[in-house]
Every structure is written in C-alpha cells, then in structure tokens.
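Visitor: My questions concern the predicted model and sequence given below.
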Amino acid sequence: MRIAREQVRVRVPATSANLGPGFDALGLALGVWDDVTVRAVAGPTRVVVEGEGHGSLPDGEDHLVVRAVRAGLEMAGAPQAGLELHCRNAVPHGRGMGSSAAAVVAGLVAARGLISDQSALDDDTLLGLATELEGHPDNAAPALLGGATTSWVDAEGPHAVAIPIAAGLRPTVLVPQETLTTSSARRVLPRQVPFDDAAHNVARVALLVLALGGRTDLLLAATEDRLHQDYRADVMRPTADAVRALRDAGWPAVVSGAGPSILVLEPLDRATGDALAAHGWQVLDPGVAPDGAHLIDT
Ligand SMILES: Nc1ncnc2c1ncn2[C@@H]1O[C@H](COP(=O)(O)OP(=O)(O)O)[C@@H](O)[C@H]1O
Ligand SMILES: N[C@@H](CCOP(=O)(O)O)C(=O)O
C-alpha cells in the first residue's frame, strides 16, 4: 500500500452517546463539525489547532488525530514519515459531545483518503480501530455513519447500524462551562447493577428506537435511565439537577454521553432556553448531522 494523495481534508460531526438508557450502544450525530486538513510531508509532524483545544493540545505525534492517522496507515500498511495537520475545531472538549471520537474518526477517515486502495480501510475496519482507541463504539459509530446508530461488540469486534429517525427530530444541547473527562465519569460506574434496573433499561431502549422513528409521544418514557446517570450525579451535580428539573417539566432530557452537557430530544421553548442561558448554559440547536465524517475538496 502507498500514499496516493499528498493532502486530504475531513469534516467530522459531534456526537451524543447513550441517549439516556442506551449506555455504550446508542448515539446521535449532531451538526457541530471539526474540520481537519492532513498533509503527508517528509519533515517532522506538526499540528496547528484553531478553536477548541487551541494552546492546550499536543502539537506533534501525541496529538489524538495524528495517533489515529497513524493507526489507520499502519493497518493499511502504508508507511509515512511526517504529517502536517491543520485542525479547525468546533466540538467542545470534555463536555460529552464526542470530541475524542471526532478526533479519532477524523484521523482514520483522513488515513483512508490518503492511501491508494481505500477499500483497505472500510467502515467496519475504521469502527474497529476507533473502538480500540476510544474503548467504546457508541460515539465513533455516528461520527462515522451520521444520523442515529446502535452499536454492539461481539467476538469479531464492534458493529453498528443506522436507526431510522423522524425527519422532524430536532435536539437541543445544553453545554456548561465545566468540563469532565469521560474516563473520570466512567470510573464512578458500578461493576454490577440490580437486575430490575437492567430490565428497566432494556424496555426503555426498545421504546426509544420507536420514539426516534416518529413516536415522539414516547420520548419522555423512552429516555428514562437507571444504568449510569444516577451513579454519575455526584461528579456532575448541576447537570443531574438540571436533567431532573427538565424531565419533571416534561422535557426528554438526558446526560449527553458521559456529561456534563445535556441532550434534550426536542427544541426547548424560548422561556426555558432563556432561563438555562441565564444560569450559564450554552443552548445549542445543532440539528442532526445526517452524514458522518467525509472528505471534502481542498
Ligand atoms: N479535536 C481534538 N484533537 C485532539 N485531541 C482531542 C480532540 N478532541 C478531544 N481530544 C482529546 O480528548 C479529550 C477529551 O476526551 P473525553 O474526555 O473523552 O471527552 P469528550 O466527551 O469531549 O469526548 C481532550 O481533552 C483531548 O485530550
Ligand atoms: N458511553 C460512553 C459515552 C461517552 O461519551 P463522551 O462524549 O462523553 O465521550 C459513556 O457514557 O461513558
């Protein structure tokens, strides 16, 4: 395998994982995009970052997008000396909007764009590599495929399929100032859960697939979770309190990914949005991203 193009540019969407009960399985691509240009060069690796992460991310081989490009090229057997990256980042970091999955998927799709035979890095292969880097497939799947997805892992590795969603589905995302790493939000989860709670979530996930497909009257019941949100409440108290208040008022609100952002699977009314903004929440109306990561002309 050889490098066939000197430069590629990739757009990759933010994602919201779990959607309440679908822990480590369900995900939704959101219309907030990172834009990464990757150039194959003879000299050392260099990364320029604009927007999210400017000044705080590594600027060489440790940068997550570079690590993902390398993983893709290594899998394809296409050696490359240096990489120059220009990242224009809009996906907030450490907020539960899938920034690390976006970075990983962007790097993998860039690697696919650089090589001579793109079939060596098909979507299944990229999902496998992304899941190795991320630890779970639920953000990487919608970042790769767009729309809503469900993913699962078996002996062959991770798999994902699209979930049909109603054309009118219009999510709201509430983003706080505070950040929380996904790894710290995973550390507080229990090793085991009560059988009743597991059964509760199975029923809600099945309902949620119908609700996403158009039975919007089911959204509130379908987004009730007992597997992860309560266990995480102490590490994101303002988020837990706001989710509870929103749900008590009838909104289908859940913790977005591992938090601390909130996903509401409906547009909020003006008064509710203004009240949240007054308490420091950034209120986004990003739309669903129908497409996953893709190459764009440079
Ligand atoms: N676009 C990016 N480029 C490089 N590294 C990134 C990028 N996005 C996220 N990361 C890395 O991933 C970390 C956030 O990952 P994580 O804790 O999983 O939160 P999130 O919910 O945003 O995915 C960042 O602090 C950074 O180290
Ligand atoms: N299922 C994962 C999802 C993490 O999403 P992120 O956007 O917070 O990285 C979890 O709940 O830990």
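Guide: Thanks, I have the structure now. Ligands and ions are numbered 1, 2, ... in the order given.

Visitor: and the helix or strand hosting T125, is it in reach of ligand 2?
Guide: Element membership for T125, per DSSP states H and E: helix 123-134. No: under the criterion of C-beta under 6 Å from any ligand atom, helix 123-134 makes no contact with ligand 2; the nearest approach is 7.6 Å. Every residue, glycine included, has its C-beta placed from N, CA and C.

Visitor: Can you spell out which helices and strands pack onto the helix or strand following that helix?
Guide: Using DSSP H and E, the helix or strand that follows helix 123-134 in sequence is helix 140-145. Using 3 or more C-beta pairs under 8 Å, 6 or more residues apart in numbering; DSSP states H and E, the elements in contact with helix 140-145 are strand 7-17, strand 26-41, helix 99-114, helix 123-134, strand 148-154, strand 157-163.

Visitor: Pull up the pairing partners for the first one, direction included.
Guide: Strand 7-17 has the following strand partners under DSSP bridges: strand 26-41 (antiparallel), strand 294-296 (antiparallel).

Visitor: Put together TSV for the ones you listed, with distance to ligand 2 on each row.
Guide: Shown next, in TSV, are the strands paired with strand 7-17 (distance: least, C-beta to the nearest ligand atom, whole Å):
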stretch	distance to ligand 2
strand 26-41	8
strand 294-296	20
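
Visitor: so which of the ones you listed is the most packed in?
Guide: strand 26-41 (a mean of 23; mean count of other C-beta atoms under 10 Å).

Visitor: and that one, how far from the chain's centre?
Guide: For strand 26-41, the distance from its own C-alpha centre to the chain's C-alpha centre is 10 Å (C-alpha atoms, centre = their mean, to the nearest Å).

Visitor: Give me the next element, helix or strand, following it.
Guide: Proceeding N to C from strand 26-41, the next assigned helix or strand is strand 46-51, under DSSP H and E.

Visitor: now that following strand against strand 26-41, angle please.
Guide: Strand 46-51 and strand 26-41 meet at an angle of 140 degrees, taking axes from the mean of the first three to the mean of the last three C-alpha atoms, to 10 degrees as the criterion.

Visitor: Quickly check: whichever helix or strand comes after strand 46-51 near ligand 1 or not.
Guide: Next helix or strand after strand 46-51 toward the C-terminus (DSSP H and E): helix 64-76. Yes: judged by C-beta under 6 Å from any ligand atom, helix 64-76 comes into contact with ligand 1 through L64, V65.

Visitor: Contacts only, for E266.
Guide: R170, P171, T172, T216, L219, W251, P252 (C-beta atoms under 8 Å, 6 or more residues apart in numbering).

Visitor: Out of the residues you listed, which two sit at the greatest distance?
Guide: T172 and T216 (13.9 Å; C-beta to C-beta).

Visitor: More neighbours: which of the two?
Guide: Neighbour totals were compared for T172 and T216, and T172 leads with 21 against 17 (other C-beta atoms under 10 Å).

Visitor: Identify the residue nearest the more buried one in space, chain neighbours excluded?
Guide: Spatially, and ignoring its direct neighbours in sequence, T172 is nearest to V264 (4.3 Å; C-beta to C-beta, 6 or more residues apart in numbering).

Visitor: Pairing partners for the one you found in the sheet, please.
Guide: Applying DSSP bridges, one finds that V264 bridges with T172, A253.

Visitor: wait, it sits on P252?
Guide: Yes: V264 lies in contact with P252 (C-beta atoms under 8 Å); the separation is 6.3 Å.
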